[in-house]
Structures are given as C-alpha cells and as structure tokens.
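In: My questions concern the predicted model and sequence given below.
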Amino acid sequence: RRSSALSFVDGHHIGSVEFDLRHIWLILAIAGGGIGAIAIIWRMGSVARREARTAKAESVQLRRNLAAADAIIRAEPQVLVFWEQGQAVRIVSHTLTSVPGLPEHHAEILRFGQWLENASAHSLKSSLDKLFVNGRSFSIILKTIAGGIIEAEGRAAGGRAVLRLKDISGYKLEIARIED
C-alpha cells in the first residue's frame, strides 16, 4: 500500500514523495532508538551527578574528621612516631618542646642512643622490639642525656605501631625522681 503526497509552496510544485509502510516503520524505529538513547544518556548523567554529590559530601566529611584528628593530636604536647607495614617511619606530630635534651629535628628523634641515657635507650629499644614482634604495648619512663624526663608509650594494631613521647608531671614525675 502506498500513499502519495504532493507538496506545494507558494503554488509551486516541489515534488512528490511516496511512503511505503516499511519506511514509516523504519523511521519510527530510528526515532524510538534515538529517544531511547537520549533517555539512557540522561539517566547515566543523573546517576553520575548523584554519585559526584555523594563523593563531594564524603570528601567534606573526611576533611572535617582529619581536621578534628589533627586538632586532637596537637592539643597535647607530644611526639608521635608512626610505623606502618611496608611504609617508612613517620613523625606525625612534634609539639613537645619543653623537655631538655629532646631533639627538635624529626630525623634526630629516631636516633634514640644520641639523646637518651644508655639505660633509657636500651629500655626503649627492647620495648620497641617486643612491640614489633609480639604486639606488646608498653609505658616506660625515659631520661635524656640533658636531664629531661619523658614517658614513652607504645601501642600496636593491625600492622601499625605508634610511639608516643610526652612530658610527665605529677606523681609520675615524682616516681621518676625517686628512682633516680
């Protein structure tokens, strides 16, 4: 079945176009496919925008958490040394400046034998070895060569270890002086 259509513009004959039912179905199929493709692209775009908003919100929350953790770490004068399996050792925080003999530079802090008394350096090394091998936590009092007294705490969890050096006061300071 064929239908014929004549087109006139300002009375002039443009031509005739014959449409076959197959042509109509083909045009409809192409148009439907195009509309379907547009719908899929629009859907993918909306999903991507939603995921981007979620990622941005998570990023903002992670930045807030990081800022809070940093504030908590820096709130108390201390030195935090962090070991993670397969990574280089890091000094996370060094805000402890009031202890005589405690090095200011990060690289010097890890050379315990250069700034701690021999007995304290040996005790710290032994405690760190037990921490790394067995995960055994510790809390010990150390004396610097310059006469400073600090507490060293070591903790391990999941292939990570933390050494915390802090100034001591109160009864711990009195105990350290009595032991001296």
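Out: Yep, it's here.
In: Am I right that Leu102 sits in a strand?
Out: No: applying DSSP: H, G, I helix; E, B strand; the rest coil, one finds Leu102 to be coil, outside a strand.
In: how close does it sit to Leu21?
Out: Leu102 sits 92 Å away from Leu21, taking C-beta to C-beta, to the nearest Å as the criterion. Yep, even glycine has a C-beta here, placed from its N, CA and C like the rest.
In: who's more crowded, the two?
Out: Taking neighbours as other C-beta atoms under 10 Å, Leu102 and Leu21 compare with Leu102 leading, 21 against 10.
In: Now the longest helix seen in the chain: average pLDDT?
Out: Taking DSSP state H as the criterion, the chain has its longest helix at helix 21-75. For helix 21-75, mean pLDDT is 92.
In: name the helices or strands packed onto that helix?
Out: strand 90-94 (3 or more C-beta pairs under 8 Å, 6 or more residues apart in numbering; DSSP states H and E).
In: Against which helices or strands is the strand it packs on packed?
Out: The criterion is 3+ C-beta pairs under 8 Å, 6+ apart, and the helices and strands that strand 90-94 contacts are helix 21-75, strand 78-84, helix 106-109.
In: Output the contacting helices and strands for the last one.
Out: For helix 106-109, the contact count by 3+ C-beta pairs under 8 Å, 6+ apart identifies strand 90-94, helix 112-115 as packing neighbours.
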